[in-house]
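1. Predicted coordinates and the sequence they were generated for:
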Amino acid sequence: MGRVLVVGGGPAGSACAIEAAKNGLEVVLFEAGSSDRDKICGDGILPDSQRVLAHFGLLEKVQNSGTYMDKLTLYALRGEQIDFKMPVITLRRSVFDRILRDAAVDAGAKLYQDTSIVKTERTTDGVTAIDSKGNHYKGDVLALATGAKTSLAKEAGFEFGNAQAVAVRGYVRNVRGFEHCLLWFTKDIRPAYAWAAPSPNGLMNVGLGYYFDGQQCNAQNLLMKFVQTIGKDAIGTDEFVEKPKGWPLRSGLRSDAYGDRTLLLGENAECVFEFTGEGIGKAMQSGIAAANAISVAEQPYDKEQLATYGRELEKLRPIFDGYSRTKALFGNPISNYAFTKLLQNSSRARDALSDVLCENISPKELFSVKGLVKYW
Ligand SMILES: Cc1cc2nc3c(=O)[nH]c(=O)nc-3n(C[C@H](O)[C@H](O)[C@H](O)COP(=O)(O)OP(=O)(O)OC[C@H]3O[C@@H](n4cnc5c(N)ncnc54)[C@H](O)[C@@H]3O)c2cc1C
């Protein structure tokens, strides 16, 4: 059985480490941050993430540590309010990521916390990861799960363009005692979207995502503008108790996420949905797929040996394409108006939207002309 070096202890890296250790592989997991590193995030653990957590036996633990909600309110183009069912857990990433890393250690992985890998090398015999203190770690395969940071993947020969989006979030007090999430796709903040999600400790995670689509913007300023206007009316405060911070988003799912002795996981493989900016679930799914591909591969762990990983990732393509298409449809005022009316008037369409978000049906099925006819 091979030795896997997993770089990055976020959801993708930890999921890979758990699954690989359970498969009997020798696993070393490196995390640059401290044990309470808090990834900038909306903290929303959506149904796809919940399924993975159930697979690992961690769902109850995460649910008990976080805030559970079963409803989401969407504000459409002109502020039309649409409520629909959706199971969401929110939990600070410092806690969530630690639960996953602890589970990796429990499964048998060796964790190096506060250890930043600055260089990796591949030879015919294996791979080496070198940390910032000059320590060398040897293995057979590298799983790169460094999130939106791509320097190691670039050094390994993978090409990247600029990140396509940025998202920014801060915390306000939950002064109105909200028990469900709010999501805005209103025209005042287009092409951005915004959210407010109740979090543990009486707080709300309030944030905004912005797809550049040819234009750059200052997302921090846009979030402040949103909070001082629409946000304040809805959530009752514009005072951040924790200042907003931003982070890039890499979305779209790359098709070349593996090479000789190397796999890209999570955001390194651009496993984030366009339109919603959701990436935790798909990051973990990519981690599991990578672990299983490594488990069935053999020396020399070349690209051909690791191709099962690419095939597993491609199975996610229809849902990624569905979200890209949904983003395009919502960007068009006519189709946006038609789907808003559909969602307002048809409880079947609202149920179908819940099913899309729960991944029981593909977004392609609802957000299409066929969907418009079928669910009207
Ligand atoms: C503001 C914002 C809100 C979001 N909201 C949501 C949401 O509500 N729900 C959702 O599903 N998704 C959300 N996302 C997307 C989600 O955060 C990411 O898709 C997800 O975290 C990707 O997981 P990952 O494991 O690939 O990377 P990350 O979570 O970024 O983890 C990468 C890890 O690698 C470590 N690392 C980096 N470089 C090195 C190195 N050289 N050596 C060792 N370790 C290293 C980092 O410290 C980090 O812990 C949001 C993103 C943003 C920016």
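-> Cool, got the structure.
2. what's the distance between Met284 and the ligand?
-> In this structure, Met284 lies at 8 Å from the ligand, with CB to the nearest ligand atom, to the nearest Å as the measure. In this view, the C-beta of every residue, glycine as well, is placed from N, C-alpha and C.
3. which other residues reach the host helix or strand of Leu182?
-> For Leu182, the enclosing helix or strand under DSSP states H and E is strand 181-184. For strand 181-184, the external contacting residues (CB atoms under 8 Å, 6 or more residues apart in numbering) are 44, 69, 71-75, 86, 88, 90, 193-198, 226, 230, 234-235.
4. Buried only: go through the residues you listed for me.
-> Neighbour counting by 16 or more other CB atoms under 10 Å classes 44, 69, 72-75, 86, 88, 90, 193-198, 226, 230, 234-235 among the contacts of strand 181-184 as buried.
5. looking at this, Glu278 is in a strand?
-> No. Under DSSP: H, G, I helix; E, B strand; the rest coil, Glu278 falls outside any strand and is assigned coil.
6. Can you check the pLDDT for whatever residue of the stretch 51-200 of the chain ends up closest to the ligand?
-> At 2.3 Å from the ligand, Gly147 is the closest residue in the stretch 51-200 of the chain, using CB to the nearest ligand atom. Confidence per residue is given as pLDDT, and for Gly147 that number is 98.
7. Quick one: neighbours of it, just the number.
-> The number of residues packed around Gly147, counting by other CB atoms under 10 Å, is 21.
8. where's the residue nearest the centre of the chain relative to the ligand, distance?
-> Compute the mean C-alpha point of the chain, and by CA atoms, centre = their mean the closest residue is Gly279, 1.4 Å away. When CB to the nearest ligand atom is applied, the distance between Gly279 and the ligand equals 2 Å.
9. Can you tell me the SS state at Gly252?
-> Going by three-state DSSP, the secondary structure assigned to Gly252 is coil.
10. Which pLDDT value goes with the residue nearest to it when sequence neighbours are not counted?
-> With CB to CB, 6 or more residues apart in numbering as the measure, Glu270 is the residue that lies nearest to Gly252, at 5.0 Å, once sequence neighbours are left out. Reading off the confidence values, Glu270 has pLDDT 97.
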